[in-house]
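1. have a look at this prediction, sequence included:
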Amino acid sequence: MERFLQVYYVLFSAFISATAIQNEILPFGSPFLGLFALVPLYLAVSRSKNYLEAALLTGAHTGLTHLLSSFWLAFFKDFAVFTLGASAFGTAVIGFVFGCYLYLPFDRRQSRKFQCTFLYTQQTAPVSTRILYFSAVWVLYEWCKSNGFLAYPWGTIHMSSWKWPVITQIADITGVTGITFLFAFCSALTAEAILLLPFCRTQLSYTMPLKKRVRELGQCAAVWILLIGFTAIYGVYHLTQEHTPIKYLTATVVQHNVDSWNETGDDGSTAILTSQDITSQQLALHPDTDLIVWSESVIPYAMPQAKTFYQQFPFENPLIPFIANNRIPLIVGGPVTLNQEKHFYGNSAILFGRSGSYNGFYSKMQLVPFAEIIPYGDTEWMQRFMQKVVGFSSGWTQGTSLTLFDIPLDDTHKRRDAAAYPQTMKLPPLSQNTARVSIPICFEDAFPSVCRALFIRGSEAFLNITNDSWSRMASAEYQHFAVAAFRSIEFRCTMLRATNSGYSVLIDPTGQITADMPLFQSCGQTWNIPIYKRTMTTYALLGDWFPFICCLFSIIYAVYIKIYHQQRNNIICTLDTLFYYC
C-alpha cells in the first residue's frame, strides 16, 4: 500500500509539474502550481526505503513530466523516435541519477540504532538541511539537463514563473536557477509541514525532537519569506524603473506560416513568395523600415553558391531583385556551405544588404542532437543506423563563429550597406547610427550560455529566428517563448522572435510582451525595437555561479554525511546506551 502511494505521489507530481508549465489549457502556465509541483515527489523520496527506490521514483517523475509537457515532440515525424523517445529516456536517466542524491538526507540506515532515543529523531538530517539540500540538488538537476550536447531546457520548474514578473527579475543575478531554487524550496517546505501533521496529532507533540522539528520548520519558513520578499522588492524596483532607449531599430517581422515538412511537394518557393507578399504589404505602410526579418529555414538552397540562382528564383518574383528593389537589408534563415568538399552545411541566419548583396551569416552553434547533428555522424556504422531508422544519414554542421551584424538605422541604409563582422575581425565602436544585433537560431534562445557569449561579444539586442510550425501545437510555441523570455531579463536587453507560425513576439528587458502576432496565421507587423544602453548584469559577468554554489554545498554535505556524521551517530548511540544502564 505504501509503495502504491509513493507511485501515486510521483504521478501526481509529474501531472502538476506539466500543468504548471505552459500547456494547451494554460497557455502561459501557472506559477502557483509551480510553487507546489514538487511536494508529492518530496514525500515519495522521503518515504523511500533505499537509494534505488528513490532513484526509480525520481526517474519516473522526470521522464513522465517530460512526456506530459513535451508530448508535441511526437509530431517530429520520423525524428520522433529521438526527439520524444530518446529525450524522455535521457531525462529519466538524469532524474534517476539525481534521485540517489536527493535521498541522501533521508537515509534512515544511519539512525536505526537510536530510533527510540530522546536524544535524536528518526531522520538523519535536520529539517533545515533536508529542505536546503533538496532545493540545491533540484537546481543541479535542472541545470544539468539544460546544458551540454544533449541539453533540453524545457520541462523545468522555472518556466512556470513567467506570469509573475515581480519574481522573475532575479534572473539577471542568479539566472533561472535562482527561480528554480525558490520554487523547489517552497515545495520542500510544504512537504515537511505535511510530514509533521501526523505527529502533531499525537502525544509525541510534547517531545523535544518534535518541538525542534517544528522550530526548524518555522525558521525555514521565515527564511523563504525573506528570500521571496527580497526577490519581490528587487522585481518591483526593476519593473518600476523607467529606462529610456538610446535608439530604435524599425523591423518588419514576417510570419509566413508555411508547412515545415513541405508536404505539398513544391520547390521551396512557397515560403519565399508568401514572405514577399507579407513584406510588401508592410512596406507599403512602413516605408522607413530599417530591417526585414524572415524566419528560420525560408530559403532552401545553400549560400553563397545559390546567389546567382536566387537572381531568378522564385521565378514569379526572384529573391535578390526583390531585396534590391526594396533597398532594405533582409535577415533570413537558410543553409550556408561551410565546407563544399566535405558537404558541410550550416543552419544559418543570412544577411542580404540593401542591394541584394550577400553580406554574411551566422551558423547555429547549439544543434538539436540526433535531429540536426548526429554523434559520430562521419562513421559508417552510424550512417547506416540513421539511414535505417529515420531515412537520413547526415545533418547540419555546427557553427564556430560568434557573428554579429551591424544594421544601419534611420536613413543610413540609403547611403551604405549593412555589414557583418565575424569573430576573427576587430569590431568597430558602437554608433547611434547602427544597431549591433545577434541572431540566435531556433532553440538557441533557450540557452543562456549561447546568448551570454553573443552578449559579451557586443550584442545590443537578440533577433531570434525560429521554425516551430512542425509541432502544430500552441503549447510548443508558448513554451519556447517562455524559455527564451528569460534571456531578456538575464542581459537586460530586447529580444525579437521572428517565427514561421508563432510565437512571434517582441520581449522587453523585463521579459514581458511588448507586441506579438497570433499563432498559426500568415501575417506581418512592423515594430520599433527599443535598444538600451548595454549594462553588464551580475549574470552576464559571472554566468552560472549559483549552480556552482549549490554543487559545492551538496558535495560538502555528502562528505559530511559519509565521514563526520557516522562518527557522531556512534557517539550518540554510546551516550544512549550509558543512559539506559544508568
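-> Structure's in. What do you need? Treat the numbers as computed from the prediction; the structure is a model and nothing was measured. Numbering: from 1, shown residues only.
2. contacts, neighbours, all on C-alpha from now
-> Will do.
3. give the contact list for Arg215.
-> By Cα atoms under 8 Å, 6 or more residues apart in numbering, the contact set of Arg215 is empty.
4. typo on my end, Gly334
-> Glu296, Ser297, Val298, Ile299, Pro300, Tyr301, Ala302, Met303, Asn347, Ser348, Ala349, Ile350.
5. name the helix or strand for it, please.
-> Using DSSP states H and E, the secondary-structure element containing Gly334 is strand 330-339.
6. so for the helix or strand following that strand, what's the average pLDDT?
-> From strand 330-339 onward toward the C-terminus, using DSSP H and E, the following helix or strand is strand 344-352. Model confidence over strand 344-352, given as mean pLDDT, is 94.
7. relative to the helix or strand just after strand 344-352, what are the paired strands and their orientations?
-> Following strand 344-352 in sequence order, the next helix or strand is strand 358-363 (DSSP H and E). Strand partners for strand 358-363, identified by DSSP bridges, are recorded as strand 344-352 (antiparallel).
8. buried set for the strand it pairs with?
-> Using 16 or more other Cα atoms under 10 Å as the test for burial, strand 344-352 gives Phe344, Tyr345, Gly346, Asn347, Ser348, Ala349, Ile350, Leu351, Phe352.
9. pull the number of nearby residues for the residue nearest to Arg492 when sequence neighbours are not counted.
-> Counting by Cα to Cα, 6 or more residues apart in numbering, Arg492 lies nearest to Pro509, which is 4.5 Å off, once chain neighbours are set aside. Residues lying near Pro509 (other Cα atoms under 10 Å) number 26.
10. restricting to C-alpha, output the strand holding Gly334 in CSV.
-> Output for strand 330-339, consisting of C-alpha atoms alone and laid out as CSV, is shown next (Å, rounded to 0.1, in the frame of the first residue of the first chain):
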residue,chain,number,x,y,z
LEU,A,330,17.0,41.3,-45.1
ILE,A,331,17.8,38.6,-42.5
VAL,A,332,16.5,35.2,-43.4
GLY,A,333,17.1,31.6,-42.3
GLY,A,334,18.6,29.1,-44.7
PRO,A,335,21.6,26.8,-45.4
VAL,A,336,25.2,28.0,-45.8
THR,A,337,28.0,26.0,-47.3
LEU,A,338,30.7,25.7,-44.6
ASN,A,339,32.9,23.2,-46.5
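11. pull the helix or strand with minimum mean pLDDT from this structure.
-> With mean pLDDT, DSSP states H and E as the measure, the helix or strand of the chain carrying the lowest mean pLDDT is strand 419-421 (a mean of 43).
12. of all pairs in the contacts of Gly334, which one is the farthest apart?
-> Considering Cα to Cα, no two members of the contacts of Gly334 lie farther apart than Glu296 and Met303, which are separated by 14.4 Å.
13. backbone dihedrals for the residue nearest to Arg492, please?
-> Torsion angles at Pro509 (phi, psi; degrees, to the nearest 10) stand at phi -70, psi -10.
14. so it makes contact with Ala484?
-> No. Applying Cα atoms under 8 Å, one finds Pro509 not in contact with Ala484, separated by 11.9 Å.
15. mind checking how far the residue nearest to Arg492 is from Lys364?
-> Remark: distance between Pro509 and Lys364 (Cα to Cα, to the nearest Å) = 24 Å.
16. also Phe553?
-> Taken as Cα to Cα, the spacing of Phe553 relative to Lys364 amounts to 35 Å.
17. one step back: what residues are up against the residue nearest to Arg492?
-> Pro509 is in contact with Ser488, Ile489, Phe491, Arg492, Cys493, Thr494, Met495, counting by Cα under 8 Å, 6+ apart.
18. next structured bit after the longest helix seen in the chain?
-> For the chain, the helix with the greatest residue count under DSSP state H is helix 208-240. If you walk from helix 208-240 toward the C-terminus, the next helix or strand you reach (DSSP H and E) is strand 247-255.
19. list the helices and strands the helix or strand following that following strand packs on?
-> On the C-terminal side of strand 247-255, the closest following helix or strand by DSSP H and E is helix 269-285. Helices and strands touching helix 269-285, by 3 or more Cα pairs under 8 Å, 6 or more residues apart in numbering; DSSP states H and E, are strand 247-255, strand 523-531.
20. let's go with 10 Å and repeat that
-> Based on contacts counted as 3 or more Cα pairs under 10 Å, 6 or more residues apart in numbering; DSSP states H and E, the elements that helix 269-285 packs against are strand 247-255, strand 291-293, helix 319-326, strand 523-531.
21. turn the ones you listed into CSV, columns for distance to Gly502, mean pLDDT and mean neighbour count.
-> As requested, these are exported to CSV (distance: least, Cα to Cα, whole Å; pLDDT from 0 to 100; neighbours: other Cα atoms under 10 Å):
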stretch, distance to Gly502, mean pLDDT, mean neighbour count
strand 247-255, 7, 96, 24
strand 291-293, 14, 97, 25
helix 319-326, 23, 96, 18
strand 523-531, 10, 95, 21
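22. closest to Leu273 out of those?
-> Comparison of those against Leu273 by Cα to Cα identifies helix 319-326 as nearest, at 8.7 Å.
23. related to what we said a few turns ago, out of the contacts of Pro509, list just those in helices.
-> Using DSSP H, Ser488, Ile489, Phe491 are the members of those that sit in helices.
24. span of stretch 69-76 from start to end?
-> By Cα to Cα, the extent of stretch 69-76 from end to end equals 15 Å.
25. make sure Asn23 is indeed in a helix.
-> No. According to DSSP: H, G, I helix; E, B strand; the rest coil, Asn23 belongs to no helix; its state is coil.
26. how about it, what does it touch?
-> With contacts defined as Cα atoms under 10 Å, 6 or more residues apart in numbering, Asn23 is in contact with Gly29, Ser30, Leu68, Ser69, Ser70, Met473, Ala474, Ser475, Ala476, Glu477, Tyr478, Gln479.
27. returning to what we had before: got the helices and strands packed on helix 269-285 as JSON lines, with distance to Leu283 columns?
-> Output for the helices and strands packed on helix 269-285, formatted as JSON lines (distance: least, Cα to Cα, whole Å):
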{"stretch": "strand 247-255", "distance to Leu283": "8"}
{"stretch": "strand 291-293", "distance to Leu283": "9"}
{"stretch": "helix 319-326", "distance to Leu283": "8"}
{"stretch": "strand 523-531", "distance to Leu283": "9"}
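28. quick one: which of the ones you listed is nearest Leu195?
-> The minimum distance between Leu195 and the helices and strands packed on helix 269-285 falls on strand 523-531, with 50.4 Å, by Cα to Cα.
29. can you name the element that comes right after the closest one?
-> Criterion used, DSSP H and E; the element after strand 523-531 is helix 538-542.
30. mean confidence for that following helix?
-> Here the mean pLDDT over helix 538-542 is 97, rounded to a whole number.
31. quick one: which of the contacts of Gly334 is nearest Val137?
-> Ranked by distance to Val137 (Cα to Cα), the contacts of Gly334 are led by Asn347 at 35.3 Å.
32. which non-adjacent residue is nearest that closest one?
-> In this structure, Asn347 finds its nearest non-sequential neighbour in Pro335, 5.0 Å apart by Cα to Cα, 6+ apart.
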